[in-house]
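Asks: quick one: sequence and predicted model below, then my questions.
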Amino acid sequence: QRQLVESGGGLVPAGGSRRLSCTADRLILSTYHMAWFRQAPGQEREFVAVIGRNAGRTNYASSVKGRFTISRDNAQNTVYLQIGSLKSEDTAVYYCAAALSYGSRSELFGYWGQGTQVTVSS
C-alpha cells in the first residue's frame, strides 16, 4: 500500500515561515509527479504547488507564488513545501499528493496523505 505522510505543520506567526515535509515510498518518489494542496475550514481543497518527477518543472497557485517553494529529494524519498510570508488566509490543512500526469487538477492525483495542519496566528 502506497503511503504519503506529511509533517511539519503547526502554529506559525503571521509573516513567519515553515517547512512542510512529505515522505513517500521509493516507488512513488521515483515515478510520480508530486503536489501540495490545502483545504481551509468550510472551503474546497485547492491546488498549491506541483513538481515534476525529476524536479525539472514546477508550478504554483497565484496566491502563493513568490512565497512558497516546492522541492523534492528523491534520494530521501521526501517532498518539501517551504512556506513563507505567511498570512491568516494560509491557515489550512496541507496535503501531499502523487500523480502520474503533470498538472494541478486534484482528479489527476491518485495518492493522498492525511494532511498536516498549518495555523497562522495574527
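Replies: Yep, that arrived. Numbering: from 1, shown residues only.
Asks: in which helix or strand does the spatially most central residue of the chain reside?
Replies: By C-alpha atoms, centre = their mean, the mean C-alpha position of the chain lies nearest to W36, the distance being 2.4 Å. Taking DSSP states H and E as the definition, one finds W36 inside strand 33-39.
Asks: that strand pairs with which strands, and in what direction?
Replies: strand 46-51 (antiparallel), strand 92-99 (antiparallel) (DSSP bridges).
Asks: and of those strands, who's closest to R19?
Replies: Comparison of these against R19 by C-beta to C-beta identifies strand 92-99 as nearest, at 11.3 Å. C-beta coordinates here come from the backbone N, C-alpha and C atoms, glycine included.
Asks: tell me the helix or strand right after that closest one.
Replies: Per DSSP H and E, the helix or strand that comes after strand 92-99 is strand 109-112.
Asks: quickly run through the sheet partners of that following strand, with directions.
Replies: With DSSP bridges as the test, strand 109-112 is paired with strand 92-99 (antiparallel).
Asks: alpha carbons of the strand it pairs with, in CSV - could you do that?
Replies: Written as CSV, here are the backbone C-alpha positions of strand 92-99 (Å, rounded to 0.1, in the frame of the first residue of the first chain):
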residue,chain,number,x,y,z
ALA,A,92,-5.4,25.2,6.2
VAL,A,93,-4.7,21.5,6.3
TYR,A,94,-1.9,20.9,3.8
TYR,A,95,-2.0,17.7,1.8
CYS,A,96,0.7,15.9,-0.2
ALA,A,97,-0.4,14.1,-3.4
ALA,A,98,1.1,12.0,-6.2
ALA,A,99,0.1,11.7,-9.8
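Asks: so where's the chain shaky on pLDDT?
Replies: Scanning the chain for pLDDT under 70 picks out the ranges 1-2.
Asks: how about 90 then?
Replies: For the chain, applying pLDDT under 90 flags the ranges 1-3, 26-27, 29-30, 54-56, 74-75, 122.
Asks: list the single closest residue to C96 in space, sequence neighbours excluded.
Replies: Using C-beta to C-beta, 6 or more residues apart in numbering and skipping residues adjacent in sequence, the residue nearest C96 is C22, 3.3 Å away.
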